[in-house]
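>>> From the sequence below, what's the structure:
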Amino acid sequence: MFNKGNWLRITGITFMCTMVIACLSNRLFLKLPNTQSISYFYLTMAAVGIIVGLVMNLYIEKMYSHPLRQIHEGIEYIRIKSEPGAFITITGLNDVAELGSSINKMLEELRNKQHELKESEKKYRYLSFFDTLTGLYNRSYFEYEMKRISRNIREVLPLSMISIDIDGHKIVNDTFGHQAGDKQLKFVAELLKTSIRKEDTLVRAGGDEFCILLPNMPNTVAQQRKNDILEAVENHNNKNPFIPLSVSVGVATSDQNNEYETVYDIYHRADDDMYYQKFNKDVHIKGRVIDFFLSALSERDYISQGHADRMALLAEEMAKRLDLGEKEKEDLILLAKLHDLGNIGIPDEILFKPGELTQEERNRVRTHVNIGYNIASRSGEVSHISGLILHHHEWWDGTGYPAKISGKDIPMDCRIISILDAYDTMTNPRYYNIPKTKEDALRELVRCSGTQFQPELVKTFLEVIENEVLLEVVR
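Numbering: from 1, shown residues only. Have a look, this model is predicted:
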């Protein structure tokens, strides 16, 4: 406490106090009788000055110097330790305490700003390396990891990679919306997480592409991982037939005989293998797409279950009556089964509404032809009938939808299917209508002949229905 600065301050204060006391006591000084009295007087004044100086110094030290030193030491501590979250403890007069309080508020604001900055940095780091939808590493991290592995590739040999692509993901987006597409992506991500070890790296490499880096894994084990993934997808489809999941999986492993092979070479080979699998799937697997579609339709249209089968029987008889060729007959039967494919994209509350639809709801239902077209056009097995699915609600007089084409501009198969569909809808129970008798349904077809339906085809259909054997089947 009594450092050089304090002693100077005490001396100065003492001198000033002595002089002040001396001046105040000037009259007393003039009346002193002798020199000895004067000496006692000065000694007394000096003692009083020293005492007053010490008291004032203690007061200044406590109320000003010490608090200011606390502020100085606190700021120095924060500067050296880089701890803006620390606070300064201050005692003293209000003005000094207020100064310290202001500094503490400033430090608190600085701490909050630093916290916000750290959170922003964490978020930026997460967004830089992670996919926000699936929670997996993203393409940026994938590139970073491949560069890191490239620097020490010998430590991870044999290195295997698995490339996975979701088949028909765009169809799911177009048909059921991006929410359903996102759900599919998240499901695949969770499925793949079960196929990796702690040291493996699973990334979402692109829109519907995933990749797994498998250090120190031989090809035989990597191939088994591929089979495990495909088996998990198969199990999912058996339990959830509504939106079938299909993936193409490619595998590649480092070539021990090629010392110049890079991580990128392995990745490209895995990717090439994946695309080879995608475009060269077994015919049996390809044919299952139609079964998936029919299963999905059956799930959505359980009230009129059997509609597709009844339509197929009627279509086959119409093809015979019209003497269509084998290929034309097959396409007509296929259209009979899949003409309402787009209904799987219509919400249940509209598709199964018991009462009359609003205009907005009717417009939504009409989009099923576009949805069906989008699905079929992206499926190699049924893409050739996608245009027929699109136009199966056109009317003979041109007032149908979606293109409002008329007469023989409407494809022949569509003109036939519109009659068969109307008949089966009228004679079988639906949420929105009570079924008509066969006679009433036929009368309705005749009444709409020339407007909704082609007259000649209505006549042919009447001949088909007169076949009592078939009638028993379609009742």
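
>>> all contacts plus neighbour counts: C-alpha atoms, from now on.
OK.

>>> okay, now S248: neighbour count?
Taking other CA atoms under 10 Å as the neighbour definition, S248 ends up with a count of 20.

>>> give me the element it is part of.
strand 247-253 (DSSP states H and E).

>>> just checking, what packs against that strand?
The contact analysis (3 or more CA pairs under 8 Å, 6 or more residues apart in numbering; DSSP states H and E) places strand 247-253 against strand 160-166, helix 219-239, helix 263-279.

>>> Tell me which residues are up against the second one.
With CA atoms under 8 Å, 6 or more residues apart in numbering as the test, helix 219-239 has contacts from 160-162, 191-192, 195, 214, 244-247, 249-253.

>>> The helices and strands packed on strand 247-253: which one's closest to L341?
The minimum distance between L341 and those falls on helix 219-239, with 18.6 Å, by CA to CA.

>>> buried stuff in the closest one?
Within helix 219-239, the residues scored as buried using 16 or more other CA atoms under 10 Å are N219, A222, Q223, R225, K226, I229, L230, A232, V233, E234, N237.

>>> As JSON lines, those residues with distance to V156 and pLDDT would be great.
Below are the buried residues of helix 219-239 laid out as JSON lines (distance: CA to CA, whole Å; pLDDT from 0 to 100):
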{"residue": "N219", "distance to V156": "13", "pLDDT": "97"}
{"residue": "A222", "distance to V156": "14", "pLDDT": "97"}
{"residue": "Q223", "distance to V156": "18", "pLDDT": "97"}
{"residue": "R225", "distance to V156": "18", "pLDDT": "96"}
{"residue": "K226", "distance to V156": "20", "pLDDT": "97"}
{"residue": "I229", "distance to V156": "23", "pLDDT": "97"}
{"residue": "L230", "distance to V156": "26", "pLDDT": "95"}
{"residue": "A232", "distance to V156": "27", "pLDDT": "95"}
{"residue": "V233", "distance to V156": "29", "pLDDT": "93"}
{"residue": "E234", "distance to V156": "32", "pLDDT": "90"}
{"residue": "N237", "distance to V156": "35", "pLDDT": "83"}
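
>>> from those, which is closest to Y373?
N237 (23.3 Å).

>>> that older thread, what angle sits between the strand holding S248 and strand 160-166?
170 degrees (axes from the mean of the first three to the mean of the last three CA atoms, to 10 degrees).

>>> partners of strand 247-253, with directions?
Applying DSSP bridges, strand 247-253 is found paired with strand 160-166 (antiparallel).

>>> Which helix or strand lies directly C-terminal to the strand it pairs with?
Once strand 160-166 ends, the next helix or strand along the chain (criterion: DSSP H and E) is helix 169-176.

>>> and the residue nearest to D255 when sequence neighbours are not counted, what pLDDT?
Nearest residue to D255, sequence neighbours excluded (CA to CA, 6 or more residues apart in numbering): E261, at 7.2 Å. Note on E261: pLDDT of 93.

>>> now swap in L185 and tell me
96.

>>> Distance from the chain centre to whichever strand or helix holds it, please.
Using DSSP H and E, L185 sits in helix 178-193. When distances are taken as CA atoms, centre = their mean, to the nearest Å, helix 178-193 is centred 9 Å away from the chain's centroid.

>>> quick one on the thing from earlier: export the strand holding S248 to PDB, keeping only CA atoms.
The C-alpha trace of strand 247-253 is given here as PDB (Å, rounded to 0.1, in the frame of the first residue of the first chain):
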ATOM      1  CA  VAL A 247     -31.600 -49.100 -55.000                       C
ATOM      2  CA  SER A 248     -28.700 -49.800 -57.300                       C
ATOM      3  CA  VAL A 249     -25.500 -50.700 -55.500                       C
ATOM      4  CA  GLY A 250     -22.000 -50.800 -56.900                       C
ATOM      5  CA  VAL A 251     -18.800 -52.000 -55.200                       C
ATOM      6  CA  ALA A 252     -15.100 -51.400 -55.900                       C
ATOM      7  CA  THR A 253     -11.900 -52.300 -54.000                       C
END
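
>>> That strand to helix 178-193, inter-axis angle?
Going by the same axes, to 10 degrees, strand 247-253 makes 40 degrees with helix 178-193.

>>> re the thing from before, quick one: which two of the contacts of helix 219-239 are the most distant?
Greatest spatial distance in the contacts of helix 219-239: P244 and T253, 29.9 Å, computed using CA to CA.

>>> and this protein, what are its domains?
What automatic domain parsing lists as the domains of the chain is 4-112, 139-281, 288-474.

>>> pLDDT averaged over the shortest one - what is it?
Averaged across domain 4-112, pLDDT comes to 63.

>>> Distance to K118 added to the domains of the chain, as JSON lines?
Listed next are the domains of the chain as JSON lines, based on distance: least, CA to CA, whole Å:
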{"stretch": "domain 4-112", "distance to K118": "10"}
{"stretch": "domain 139-281", "distance to K118": "21"}
{"stretch": "domain 288-474", "distance to K118": "45"}
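
>>> E119 is nearest to which of the ones you listed?
Ranking the domains of the chain by proximity to E119 (CA to CA) places domain 4-112 first, at 10.5 Å.

>>> Stretch 434-450 - what's its average pLDDT?
Here the average pLDDT along stretch 434-450 is 93.

>>> Other residues contacting that stretch?
Applying CA under 8 Å, 6+ apart, the contact partners of stretch 434-450 are 396-397, 419, 422-423, 425-429, 453, 455, 458, 462.

>>> any low-confidence regions in the stretch 351-475 of the chain?
Residues of the stretch 351-475 of the chain that meet the criterion pLDDT under 70 lie in 431-432, 468-475.

>>> Could you report the distance from F187 to L133?
11 Å (CA to CA, to the nearest Å).

>>> now the strands for the chain?
Using DSSP state E, the strands of the chain run over residues 160-166, 201-204, 209-214, 247-253.

>>> What is the burial count for the spatially closest residue to G398 that is not a sequence neighbour?
The shortest distance from G398 to any non-neighbouring residue, by CA to CA, 6+ apart, is to S406 (4.0 Å). The number of residues packed near S406 is 18, by other CA under 10 Å.

>>> what do you get for N258?
Neighbour count for N258, taken as other CA under 10 Å: 8.

>>> go on, the one 10 residues further on?
A count of nearby residues for H268, using other CA under 10 Å, gives 14.

>>> Likewise for the one 5 residues further on?
Counted with other CA under 10 Å, the burial measure for D273 works out to 19 neighbours.

>>> thought it was touching G250?
Yes. D273 lies in contact with G250 (CA atoms under 8 Å); the separation is 4.5 Å.

>>> Using PyMOL, define a selection of the buried residues within the contacts of helix 219-239.
Here is the PyMOL command that picks out the buried ones among the contacts of helix 219-239, judged by 16+ other CA under 10 Å:
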select buried, resi 160+161+162+192+214+244+245+246+247+249+250+251+252+253
